[in-house]
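In: Okay, structure incoming, though there's no sequence with it:
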C-alpha cells in the first residue's frame, strides 16, 4: 500500500507510515502504526498529511503570496486523495469539481448553463442535442484532455483545448483569431502576431519551470489572457490551462467563481500592469472558496459516487516538488 512500509524484526511485523519529503533538514516523515494496520488508518493519514503540509510551508521561498499555507494544505489534501484508500472520495471530488468549474467558468462568460443542466449530463452518458448540452460535453472533453498525459505545453495542445471547447458551437474552434479583439477597452495582441506571441510565451514558461508552481501558473495565465489568441473562449481556455498545470504539479485545481468574476478580471488587469499582488490574493481566496464549495456540495448528496464521464486524473510521476 502506498506510503505504508512493513519491517520484520526477529520475525515480528511492524507497520510504518513513510512519506518522502526531500527537505534539506528532513528527508522523510515517518510514523509508527503498530504490529497491525490500525482500523482508523484513513483518519490517521489525514492527520499526517496536515502535519506534512505544516512542515513544507516554511520551506516555500516566494514573496508572491502572503500566505502559502492555504495553498499547501489544499495541495496535500489533494495528494492524499490519490491514495488507494481514498479512491471513492477522489472520484466524487473530481465530479463535483467538474460541475462547479464548468458552471462558474462558463457562466462568467455569459453562458446560461445551470448546475442542474450539468448534473444531468455528467451523471449519464447522453448524445448532446441542445446547445447547452453540447457546451457541457465540450467543456468536459476539454478538461479531460488538458488533465491527461496527452496534454503537452505547445501551441497544438492549446488549440486542441479550444477545439474541444467550441466544437460544433463555432466554426473557428481550434483556430487563432483572424480579427483583433478588445478587452476592457484595450486592444489585445494583434491577430497577425498571435502565433509568434504564443511561441514566446511557451518559451518563457519552460524557462521558468523552477518557479513556485502556483506562481508560474498565475504568471502564465495573465500573459495568456493579454495575448487573447482566440476570437472567443480565451477566459475558459486560460482557466483550464491554469488548472492543467496545477494538477500536473500535484496541486489542487481551483474554481474561479462567477460572483467574483469582476474582481478576477480586475486582478488580471492589474497583473498586466505589473502589479500581481491582487491576482495572488484572489487565487488564495479562490482556493479557500473552492474547498468550501466542494465540501458543501458533498453534504447536499445530490451527486454520489462520482461520474464515469470525468477522465483519468492522476498526479503525474515525478511532478511533485517539495520546496
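Out: Great, that's in hand. Owing to the predicted nature of the structure, the values given are computational and were not obtained by experimental measurement.

In: residues contacting residue 126?
Out: Residues counted as contacts of residue 126 (C-beta atoms under 8 Å, 6 or more residues apart in numbering) are residue 133. Glycine gets a C-beta too; all of them are placed from N, C-alpha and C.

In: Next one, pLDDT for the residue lying closest to residue 12 once chain neighbours are set aside please.
Out: Nearest residue to residue 12, sequence neighbours excluded (C-beta to C-beta, 6 or more residues apart in numbering): residue 35, at 6.6 Å. We have a pLDDT of 96 for residue 35.

In: Could you list the buried residues of the longest helix seen in the chain?
Out: Ranked by number of residues, the top helix in the chain under DSSP state H is helix 277-300. For helix 277-300, the neighbour count (16 or more other C-beta atoms under 10 Å) marks 278-280, 282-291, 293-294, 297 as buried.

In: And stretch 258-275, by the same measure?
Out: Applying 16+ other C-beta under 10 Å to stretch 258-275 flags 258, 260, 261, 263, 264, 265, 267, 268, 269, 270, 271, 272 as buried.

In: Could you do stretch 145-158 as well?
Out: 145, 146, 147, 151, 153, 155, 157, 158.

In: ok, residue 276 - how many residues close by?
Out: A count of nearby residues for residue 276, using other C-beta atoms under 10 Å, gives 20.

In: So which residues of the stretch 101-250 of the chain form strands?
Out: Listed in chain order, the strands of the stretch 101-250 of the chain (DSSP state E, counting those that start in this stretch) span 182-183, 186-187.

In: Need the three-state assignment for residue 71.
Out: Counting by DSSP: H, G, I helix; E, B strand; the rest coil, the backbone at residue 71 sits in helix.

In: residue contacts, it?
Out: The contact partners of residue 71, by C-beta under 8 Å, 6+ apart, come to 65, 214, 251, 283, 284, 287.

In: cutoff 6 Å now
Out: 214, 287 (C-beta atoms under 6 Å, 6 or more residues apart in numbering).

In: Next: residue 81.
Out: If you count contacts by C-beta under 6 Å, 6+ apart, then residue 81 has 89, 90, 93 around it.

In: what's the distance between residue 121 and residue 20?
Out: Here residue 121 is placed at a distance of 40 Å from residue 20 (C-beta to C-beta, to the nearest Å).

In: Look at these two and report which has more neighbours.
Out: Applying other C-beta under 10 Å to residue 121 and residue 20 shows that residue 121 carries more neighbours, namely 25 against 12.

In: Residue 136 is in contact with the more buried one, correct?
Out: Yes - contact status for residue 121 versus residue 136: in contact at 4.5 Å, counting by C-beta atoms under 6 Å.

In: Number of residues surrounding residue 191?
Out: Neighbours around residue 191, by other C-beta under 10 Å: 17.

In: Does it touch residue 172 like I think?
Out: No - using C-beta under 6 Å, residue 191 is not in contact with residue 172; the gap is 11.4 Å.

In: what about the helices in this structure?
Out: Under DSSP H, the chain gives helices at 41-56, 69-81, 87-107, 115-122, 131-146, 155-166, 194-207, 213-227, 234-248, 261-272, 277-300.

In: what is the mean pLDDT for the longest helix of the chain?
Out: Averaged across helix 277-300, the pLDDT comes to 97.

In: Tell me the helices and strands packed up against that helix.
Out: If you count contacts as 3 or more C-beta pairs under 6 Å, 6 or more residues apart in numbering; DSSP states H and E, helix 277-300 packs onto helix 69-81, helix 87-107, helix 261-272.

In: Check the gap between the closest residue to residue 139 other than its chain neighbours and residue 44 for me.
Out: Using C-beta to C-beta, 6+ apart and skipping the chain neighbours, the partner closest in space to residue 139 is residue 102 (4.5 Å). To residue 44, residue 102 is 35 Å away according to C-beta to C-beta.

In: and what of residue 230?
Out: 48 Å.

In: per the record, what domains does the chain have?
Out: Following automatic domain parsing, one finds the domains of the chain at 1-39, 89-300.

In: Between the two ends of the last one, how far is it?
Out: Using C-alpha to C-alpha, to the nearest Å, the end-to-end distance of domain 89-300 comes to 15 Å.

In: chain center to that domain, what's the gap?
Out: Remark: domain 89-300 is offset 9 Å from the chain centroid, using C-alpha atoms, centre = their mean, to the nearest Å.

In: same question, the first one
Out: Taking the mean C-alpha point of domain 1-39 and that of its whole chain, the gap between them comes to 30 Å (C-alpha atoms, centre = their mean).
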